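1. pasting the sequence and the predicted model now:
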Amino acid sequence: MNYFSRYCKSGRLLEPKFMVVCSILLFVVGCQNSTLKYDVNEQQKIYINETTKNYAGLIELYKKRLQRADTEDTRHKLAKAYYQSNDFQSVKRVLEPIIKKTKNDGILILYGHVESRLGHNDTALEYLNKAIEINSKNGEAYNVKGIVLLKKRQYDAARYAFNEARENFYDENKVTNNLAMLAILNKDYTEAYNQLNILYTKGYRDQTILHNLLFTLVKLDKMQLAKSFCLTHKLSNEPDILVQELKRIEPIDAIKFNEVKPSQSDIQKQYTTEKVAGQLAFNNSETEVAIKSKNQNKSANSTKSLTPAKSGSNVKLSNMTKLDATNSPTNVASTSSKQTDKATTTQSTILAVRSGEHGKFSRITFETEAKLSKKNYSIEKISPTEFKLSFYDVTLPTEGIDRIIKRISNSERDFATVKGNLTAEKTLILEIKTKQNSIVKDFYAGSNSKGKAHCFAFDFYLEKK
C-alpha cells in the first residue's frame, strides 16, 4: 500500500488537519476558476466595445479594472479610451500620476498629442521629445511632432520630422497626407494635389484627406471639379457656398490637421486594402466620380460646350492635366445625365419673361408652353447676393436672351446686375446679383390670364438678419 493510500484511509480523512488542508485547496482552485472566468468575460466585453467603438463602455470597464489594480498599463488603456471619445481633460487627469516617471513612449506620445489638441504646443513638444529619447525609432512620435511643428509654423522642422517618421516605417499614408498639408501651408497647391491624389487613387476616403483635396482643387481654380467632388463625397449640401468660402480664406485657417489616433499598432490600422482600393480608386470607378445629384448635373451644363470623354470609366485624377475642363469628371457626369434626362424631359418653350417689384420681394415670372417641373430648372446660391438660375433644354422667344436680361434688369430696386447666356446644350443660364443678402422662393403660379401658358415664379426676398 503506497503512502497516499495509507494517508487517505477513511479514518485519516476525518482528521481536522486534513479537512483544513482540503478546504484551502478547494477554495484556491475555486478562486482561480472564478478569476479566469471573470477575465475571459471582461476581455470579451472589451473586444465587443472596441469593435463597435463603444468608448463609453470601454471607459467603464477600464475604470473598474483600475479600481481593482492601479497599473500603468490600465491607466494607458483608460486614457486612450478617453482620447477616442475626445475627452482630453480626462486623458490628462488619468495620466498625470504617472507621466513624470513613465518610461513608456506610447504614454508620452499620447500625452503630448493631447497637449497639442488643447493648444499647448510647447508642452506637447517636450513630451514628444522625451518619447523620442526613450525610443528613437518610434515613427509615430516623429509624425505627431511634425504636426505640432506645423501648428507652430516651423515648416522646415516639420518636414524633417515627417521624413523621420517615414524612415522609421510609420504609416506611409498618414505621412503623405501631412506632407501634402505642409505643401498647402506653403501655398504649393500643385504639390499638395499630387501628394493627396496618391492617397485618393488608392481608395482612401478619410475626411481629412477629402477636405484637404477639396481645398487644393479650389486653390487651383478648378471650381466645377471642386463642386462635383464636394457633392460626390457629401462634404456639404451647398457646395457653391463652401467653395466660395474656401477660395477666400488662408490655408492655415482651412486645412485639417491629421490628428493621429493614440495607438500606432491598434488604432491606426489601414481601413481599406489595396484590393478594395482598386475598386474605389478614381481611375476605376465612374460612380465615385460622376455626380449623381440632379442639380449638380445641371450646373455642369452651365459651362461652355465641351468635348465629352469617350468613357466615364477612364476618368482619373492622376495628373494635373486631368483637372482641365475637357477631361473633368463634372463633364462626364453632365454627358451621362443628358443621355438619361432626354428620356424623361421634354423641351420647354419660353414664351415670355416678366419681372416686377412687390412690397417685400421682387418677382421674376417665366411663361412657358409646358408646365415646368423640378427636372427643368435649378437654383444655385453662389453667395448671399449671387444666384444662378438654370433652365434646361429650352427654346427662347424670338427676341432672344437680350430681351430677357433687359426685362429682369428693369427691376432696379433689388437687382444689381443680370447676366445670361444660352449654352450649346440649350441651357439658359441667368446670373443674378442682388443689392442685399437675399433668399429665393420658387413656385408654380398657375396658368396665365388667357389660360394658354404656364407661369413659374421666382421671388427674391431680403434675408432676415
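-> Arrived safely. Since this is a predicted model, take the numbers as computed values, not measurements.

2. how about low-confidence regions in the stretch 301-450 of the chain?
-> Where the stretch 301-450 of the chain drops to pLDDT under 70, the residues are 301-347, 398, 449-450.

3. hmm, 80 instead?
-> The model of the stretch 301-450 of the chain has pLDDT under 80 over residues 301-348, 374-375, 397-399, 423-425, 447-450.

4. show me the strands in it, by range?
-> Assigned by DSSP state E, counting those that start in this stretch, the stretch 301-450 of the chain shows strands spanning 348-357, 361-368, 377-383, 386-391, 394-395, 415-422, 428-434, 438-447.

5. for residue 56, find the nearest of those strands.
-> Nearest of those to residue 56, taken as C-beta to C-beta: strand 377-383 at 39.6 Å. To be clear about C-beta, it is placed using only N, CA and C from the backbone, and glycine gets the same treatment.

6. for the closest one, which strands pair with it and how are they oriented?
-> Paired strands of strand 377-383, with direction, are strand 386-391 (antiparallel) (DSSP bridges).

7. which outside residues touch stretch 75-89?
-> 53, 55-56, 58-59, 62-63, 66, 90-91, 94-95, 97-98, 104, 106-107, 110, 113-114, 117-118, 261-263, 267 (C-beta atoms under 8 Å, 6 or more residues apart in numbering).

8. what's the answer for stretch 448-465, then?
-> Stretch 448-465 is touched from outside by 351-352, 358, 360-372, 377, 379, 384, 387, 389, 414-415, 432, 434, 436-447, with contacts defined as C-beta under 8 Å, 6+ apart.

9. and the contacts of stretch 75-89, which of them are buried?
-> 55, 58-59, 62, 90-91, 94-95, 98, 104, 106-107, 110, 113-114, 117, 261-263 (16 or more other C-beta atoms under 10 Å).

10. show me how to select, in ChimeraX, the buried members of the contacts of stretch 448-465.
-> Burial among those is assessed by 16+ other C-beta under 10 Å; the matching ChimeraX selection reads:
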select :351,352,361,362,363,364,365,366,367,368,372,377,387,389,414,415,432,434,438,440,442
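
11. from residue 382, how far out is residue 221?
-> 15 Å (C-beta to C-beta, to the nearest Å).

12. more neighbours: these two, which one.
-> Neighbour count, other C-beta atoms under 10 Å: between residue 221 and residue 382, residue 382 has more, with 16 against 11.

13. in space, what's closest to that one - neighbours in sequence excluded?
-> Spatially, and ignoring its direct neighbours in sequence, residue 382 is nearest to residue 240 (5.0 Å; C-beta to C-beta, 6 or more residues apart in numbering).

14. name the element residue 215 belongs to?
-> Taking DSSP states H and E as the criterion, residue 215 maps to helix 207-219.

15. for that helix, packing partners?
-> In terms of contacts (3 or more C-beta pairs under 8 Å, 6 or more residues apart in numbering; DSSP states H and E), helix 207-219 is packed against helix 172-185, helix 189-202, helix 223-232, helix 239-248, helix 251-254.

16. tell me which residues of it come out buried.
-> By 16+ other C-beta under 10 Å, the buried positions in helix 207-219 come out as 208-210, 212-219.

17. quick check, nearest of the residues you listed to residue 199?
-> residue 209 (5.4 Å).

18. care to break this protein down by domain?
-> Using automatic domain parsing, the domain ranges for the chain come out as 189-344, 348-462.

19. in the stretch 101-250 of the chain, where is pLDDT below threshold?
-> Checking the stretch 101-250 of the chain against pLDDT under 80 turns up nothing.

20. rerun at 90
-> Where the stretch 101-250 of the chain drops to pLDDT under 90, the residues are 119, 151, 153, 172-174, 177, 181, 197-212, 230, 233-250.

21. which ones are touching residue 167?
-> By C-beta under 8 Å, 6+ apart, the contact set of residue 167 is residue 139.

22. can you pull the phi/psi pair for it?
-> Residue 167 adopts backbone torsions of phi -60, psi -30, taken as degrees, to the nearest 10.

23. okay, and the beta partners of residue 440?
-> Per DSSP bridges, residues listed as beta-bridge partners of residue 440: residue 460.

24. hmm, back to that, and the residue nearest to residue 382, how many residues sit next to it?
-> For residue 240, the count of nearby residues is 21 (other C-beta under 10 Å).

25. does it touch residue 379 like I think?
-> No. Residue 240 is beyond contact range of residue 379, at 10.4 Å (criterion: C-beta atoms under 8 Å).

26. how about the helices and strands packed on helix 207-219 in a markdown table, adding distance to residue 403?
-> Listed next are the helices and strands packed on helix 207-219 as a markdown table, based on distance: least, C-beta to C-beta, whole Å:
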| stretch | distance to residue 403 |
| --- | --- |
| helix 172-185 | 47 |
| helix 189-202 | 42 |
| helix 223-232 | 29 |
| helix 239-248 | 28 |
| helix 251-254 | 43 |
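
27. select, out of those, the one closest to residue 134.
-> Taking these one by one with C-beta to C-beta, helix 172-185 is closest: 21.3 Å.

28. what about that closest one, distance to the chain center?
-> 16 Å (C-alpha atoms, centre = their mean, to the nearest Å).

29. find residues that contact each of residue 240 and residue 379.
-> If you check residue 240 and residue 379 against C-beta under 8 Å, 6+ apart, the residues they both contact are residue 388.

30. so how far is residue 125 from residue 92?
-> To residue 125, residue 92 is 16 Å away according to C-beta to C-beta.

31. ditto for residue 443
-> Distance from residue 443 to residue 125, counting by C-beta to C-beta: 59 Å.

32. same check on residue 453?
-> Distance from residue 453 to residue 125, by C-beta to C-beta: 71 Å.

33. could you do residue 158 as well?
-> The value you get for residue 158 to residue 125, if C-beta to C-beta is used, is 11 Å.

34. do residue 53 as well
-> Separation of residue 53 from residue 125 (C-beta to C-beta): 30 Å.

35. and for residue 407?
-> Going from residue 407 to residue 125 by C-beta to C-beta gives 64 Å.

36. equivalent analysis for residue 431, please.
-> For residue 431, the distance to residue 125 equals 50 Å [C-beta to C-beta].

37. residue 61 too?
-> Counting by C-beta to C-beta, the gap from residue 61 to residue 125 is 33 Å.

38. and the closest residue to residue 117 other than its chain neighbours, how many neighbours?
-> What sits nearest to residue 117 in space, not counting adjacent residues and going by C-beta to C-beta, 6+ apart, is residue 88, at 5.4 Å. Other residues near residue 88 come to 17 when the count uses other C-beta under 10 Å.

39. so for residue 88, what pLDDT did the model give?
-> For residue 88, the model assigns a pLDDT of 92.

40. one more: the one 10 residues further on?
-> Residue-level confidence at residue 98 comes out at 97, pLDDT.

41. helix or strand: which one has it?
-> Taking DSSP H and E as the definition, one finds residue 98 inside helix 88-99.

42. quick one, the helix or strand following that helix and helix 88-99 angle?
-> Once helix 88-99 ends, the next helix or strand along the chain (criterion: DSSP H and E) is helix 105-117. With axes from the mean of the first three to the mean of the last three C-alpha atoms, to 10 degrees applied, the angle from helix 105-117 to helix 88-99 works out at 140 degrees.
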